[in-house]
Every structure is written in C-alpha cells, then in structure tokens.
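[1] just the structure for this:
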Amino acid sequence: MSMKRREFLNTMGKATFALAGSSALFNLLQGCSSNQNRKWNIVFILSDDQGWNQVSYHGSQFYETPNIDRIAAEGMQFTDAYSAAPICSPTRASLMTGKYPARLHLTDYIPGSPYPYAKVTTPQQIPCLPLEEITLAELLKQNGYITGHFGKWHLSTDYHYQPGRMFDPGSQGFDVVLTNAKPDETADPEKDAHHVAEITEHSLRFIEENKDKPFFCYVAHHVPHRPIMEHPDLIAKYQAKPGSDLPINNPIIGAMIERMDRGIGEILNKLDELNLTEKTIFVFVSDNGGLEQLQSQAPLRMGKATIYDGGLRVPLTVRWPGVIQPGSKCTTPVISADFFPTLLEVAGIRQSIENVDGESLVPLLKETGNLKRDAIYFHYPHYHHLGHKPAGAIREGDYKLIEWYEPTLWGEENQISLFNVREDVGETKDLANEMPELAARLREKLHQWRSSVGAQEMTKNPNYDPEKADWRFLERKE
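    Reported below is the predicted structural model:
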C-alpha cells in the first residue's frame, strides 16, 4: 500500500533519505573544495505548447533560440523526448509526481470537456493534483532545498490562485510562489501579456536571494500557448524573415519564443554572475507538442491533443556541468515522468514512494548505462475541442502502436496503427497489416499496462447521438 503524503512527510523526515550511492558522491565532488557538501541547484524551464521543431538546435532556420541552444551545446539533447500526455495538466502532474497520468486519473487538461453524446464515454477525472501525492518540490524541500514556482501551475481546480489556497503550489511544496494565467484575447501585447518578464524577474530575484543555499527554481512559461500575441516590432522582424509564409513557421510564435528565450538567457547570465553555473543542473523542456492549427509540426505528424508524435514529442535538453559531455545527444525514448526520479538522484535523495513510473535518466546523462524499461505508454481517453479522438499508445524501441478507442469499442475497422518512428518520423506508413504479430503483441502489452496502473477505461456511450456527438456539454433544458 502506498504511503499517504502527510504520513510520509510527518514520520519519515530527513532520516528517510540518503545519498543515492556512488553517483551522488560523484555529484557532490563536482563542487569547489570550499563548497563540497552543497547539493546541486536545479533550474527547470517548462515552456507551454512549444513544438519539437520550434528550436533552432533541431534545425529550424526561422526560430531564434540562442539561449536554449546554449543549453543544448553545453549539455545533452534528447531527440526522442516525450510528454506524458498531448495536453498540459497531465504532463505537469507527471513531472511533479513521477507517475503516469493514467495512474493518477488525471488524463486531460483541467477541467476538461465531457462530450456527453460522443460514441464512447469520457472518464470522470480528478479535478486537481491530490494533496495525497508527494511532489518533487516537497521532497526537495524536506531535504534542505528552497523551492520556487514561477508562472503556470494548472494543477489546481481553476486559475483563481490565492496565497495559501489548497491545491495551489504553496500547498504542494513550494516556498516562494508566483502564479499567473494565460492572457485573454483582449490583452495588450505590448504590456507583457504572457507574463514573460514578470516570471523572469521573480526567478532572478529568487536565485539572487538564495544563492548561498541549494534551490529548485521551477520556471513555467505560458509561451507559446494561445492566444498568440507579441510586441508588433518583434513580430515584424519575423514577418520579414525568409520562410515566414511557410506552414512550418509562424511569425507571432517566433516573436513569443524569442521573448521567452531572452528571459532564459537572463537566468543563465545570473547563474554566471553569481558563480553558480558549475553548481546548477539546468533543464529545458516543453509540456507537449505545438498546435497544428497555428503551425505545422513537420517532420512530425499533427500536433497538440493528438497521440501522434506531433502532440507528444518535445524539445528537451539538459546541462549538468562536469557530468554531461557538452554537445552530446541521446536517442533513447524518455518521458516527462522521468524528471521526478532523475532530479531526486541528482540531489542525492533516495525516495521510497511506491508506484513511481518514471526512471532516472542519470545513466543516460552520464553515458554510463541504459534504462531498464523497454517501453513507454500513453493514455488519452478524451475528446478534444479541436476535433481529435481518444486513443492510447505504446512505444517500444523503434516501434509505436496506437489504439483508437472508438473503433475498438464499437467493433469497427482500423482499430490500431503501427509505425516505425525511427525510420518514419512522420508516421506516414501504417505497418499494422504488414506486421500483425508485432502489432498484436504491442496491443496486448498496452492493455496489460493500462490494467496494471488502474487506468480509467472508456466504454460505449448509451447516450450516443450522432447529431450531437461534437457537443462538449449536456444539452441545456429550458
């Protein structure tokens, strides 16, 4: 039986945790002699809806991301990094807990949309990250870290954040908190509509004020999530660039990402200024793929809210001075739930929490070994207002199988798709009929995983109405 959060925190204390073997000792020895026992600082940058092709280190000649590129050049690039879900709240829950969204029963954005007349039923997911879950921030705080959250949370019941309110970051392990929400369509783009400057300023102040103690600085930007808007002068710069009219480029998104990248550069410079660079692990990642309706995610297929790689594969790069070989690349598939055990090991903390699905990436970062697991999994039992249908997936090695829940439950054709995503990154050639044995094995493995984590399954909807199937809510009665 898993231990409840309050029981865990109240009874275990610091004595529960120990240095995670020789790897933690190695980490500690990386610091200067006058600071040998200091733990690694952690700066974690999370962008919102930033696609795999929206960083220049992945080959874009349109988007300008010199500071993100600096992290990649001085650290490790992950070519096959995945978010745990194609939308934001489940991914954020996975990185805070190390658990698959399916295990948490938090598989859609909060609050989600029920689609009561669709062909299959949408599960009743939990409305927020439960307090019973033990978060990354809580464990770091329990072990001497000062913890700061700046920007988007989206794990509470709504966006009406208040200091001290349950389910907001302050109740989930964060000492210093700035929470804000995306702007509405009427916001003034010349007045920091997406809070990039505000988030950056608070992050810089947090680092400055806590430079003499280990810190976890979680920087969660709203960029480049809709509504897309930026200063007209910066947009004009991208409109004038070659290729601005191509489907894979969007001048407004380019301006938004550049603004965020400048803020990331300010944080990198602050670490340099305070002589903290060599004592800080720095992570940059997106919460899910980009929105296809705003920009093509090519070479990946489709985008946000889909189970194709355009919705799941994201840019990820990690800098760990003295540990990671600068400019290295890793092609092993990894997932957002891996950040939880990874950062705990980096901090020298051994956790004893049951049902953690993520696996520490430290062997990959150090290039000393591989991961133990042989597959990663996805479960999105929801309809999305962009028209995308519920599905699940498994990636094992080079192959990815998708199961489409509507045809599966209704006994229709085309229930599964199978792709070699190493050779066919755009998921254009369905191999399910060519490789039936592999498809059947992966499908059964996907089913066994769903059962093992207690995933909420969909069923045929007795209220299915073809004329109302795309209605997001119950019909109002006069």
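
[2] going forward, measure contacts between C-alpha atoms and count neighbours the same way
    OK.

[3] which residues touch Tyr383?
    By Cα atoms under 8 Å, 6 or more residues apart in numbering, the contact list for Tyr383 reads 113-115, 122, 389-390.

[4] can we see that at 7 Å?
    Shown in contact with Tyr383 (Cα atoms under 7 Å, 6 or more residues apart in numbering): 389-390.

[5] again, but for Pro114
    By Cα under 7 Å, 6+ apart, the contact set of Pro114 is 122, 472-473.

[6] again, only this time at 10 Å
    121-125, 382-384, 471-474 (Cα atoms under 10 Å, 6 or more residues apart in numbering).

[7] and if you look at Gly265?
    65-68, 70-71, 200, 259, 271.

[8] so where does it fall, helix or strand?
    Here Gly265 sits within helix 251-273, counting by DSSP states H and E.

[9] chain center to that helix: distance?
    19 Å (Cα atoms, centre = their mean, to the nearest Å).

[10] with stretch 321-339 instead?
    On the basis of Cα atoms, centre = their mean, stretch 321-339 sits 15 Å off its chain's mean C-alpha point.

[11] same check, this time on stretch 117-133
    How far stretch 117-133 lies from its chain's middle: 19 Å, per Cα atoms, centre = their mean.

[12] show me what counts as buried in that stretch.
    Going by neighbour count (16 or more other Cα atoms under 10 Å), the buried part of stretch 117-133 is 117-123, 125, 127-130, 133.

[13] lowest mean pLDDT among the helices and strands of this structure, which one is it?
    Taking mean pLDDT, DSSP states H and E as the measure, helix 21-28 is the helix or strand of the chain with the lowest mean score, a mean of 36.

[14] so the closest residue to Pro321 other than its chain neighbours, which of the three states?
    Of all residues not flanking Pro321 in the chain, Glu278 sits nearest, at 5.4 Å (Cα to Cα, 6 or more residues apart in numbering). Of the three states, Glu278 takes helix under DSSP: H, G, I helix; E, B strand; the rest coil.

[15] quick one: neighbours of Glu278, just the number.
    Glu278 has 17 neighbours, counted by other Cα atoms under 10 Å.

[16] and the pLDDT at it?
    With respect to pLDDT, Glu278 has a value of 98.

[17] my guess is it meets Glu74, correct?
    No - using Cα atoms under 10 Å, Glu278 is not in contact with Glu74; the gap is 11.5 Å.

[18] which residues touch the helix or strand harbouring Ala393?
    Using DSSP H and E, Ala393 falls within strand 391-396. Identification of contacts with strand 391-396 by Cα under 10 Å, 6+ apart yields 85, 306-308, 333, 373-383, 400-406, 408, 415-421, 442-443, 445-447, 449-450, 458.

[19] check the burial of the closest residue to Leu129 other than its chain neighbours by counting its neighbours.
    If the residues on either side of it in the chain are set aside, Leu129 comes closest to Leu155, at 5.4 Å by Cα to Cα, 6+ apart. Other residues within reach of Leu155, judged by other Cα under 10 Å, total 25.

[20] what's the burial count for Gly397?
    14.

[21] circling back: so what sits against both of Glu278 and Glu74?
    Common neighbours of Glu278 and Glu74, using Cα under 10 Å, 6+ apart, are 319-321.

[22] can you give me the strands in the chain?
    Along the chain, counting by DSSP state E, strands occupy 41-47, 76-82, 146-151, 176-179, 215-220, 280-286, 313-319, 328-330, 334-335, 376-380, 391-396, 399-404, 416-420.

[23] of all those strands, which one is nearest Gly98?
    strand 334-335 (9.7 Å; Cα to Cα).

[24] ok, that closest one: who's next to it in the sheet?
    Here strand 334-335 has these sheet partners by DSSP bridges: strand 76-82 (parallel).

[25] ok, now how distant is Ala439 from Asn67?
    41 Å (Cα to Cα, to the nearest Å).

[26] show me where pLDDT drops low in the stretch 351-478 of the chain?
    Scanning the stretch 351-478 of the chain with the threshold set as pLDDT under 70 gives 476-478.

[27] tell me where it has helices.
    Taking DSSP state H, counting those that start in this stretch, the helices of the stretch 351-478 of the chain run over residues 362-366, 405-410, 436-453.

[28] I'd like those as CSV, with distance to His160 appended.
    Below are the helices of the stretch 351-478 of the chain laid out as CSV (distance: least, Cα to Cα, whole Å):
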stretch, distance to His160
helix 362-366, 37
helix 405-410, 34
helix 436-453, 31
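
[29] any idea how far Trp40 is from the residue nearest the centre of the chain?
    In the chain, the centroid-proximal residue (Cα atoms, centre = their mean) is Asp287; its distance is 3.2 Å. For Asp287, the distance to Trp40 (Cα to Cα) stands at 24 Å.

[30] where in the stretch 151-300 of the chain is pLDDT low?
    Within the stretch 151-300 of the chain, not a single segment meets pLDDT under 70.

[31] would you confirm that the residue nearest to the centre of the chain contacts Tyr109?
    No - in this structure, Asp287 is not within contact of Tyr109 by Cα under 10 Å, at 11.6 Å.

[32] what residues are shared contacts of the two?
    Common contacts of Asp287 and Tyr109, defined by Cα under 10 Å, 6+ apart, comprise 85-92.

[33] got a winner among those for most neighbours?
    When neighbours are taken as other Cα under 10 Å, the top entry among those is Ala85 (35 neighbours).

[34] for it, what are its contacts?
    Each residue near Ala85 by Cα under 10 Å, 6+ apart is listed here: 91-92, 94, 100-102, 106-109, 287-289, 304-307, 311-313, 335-336, 377-380, 392.
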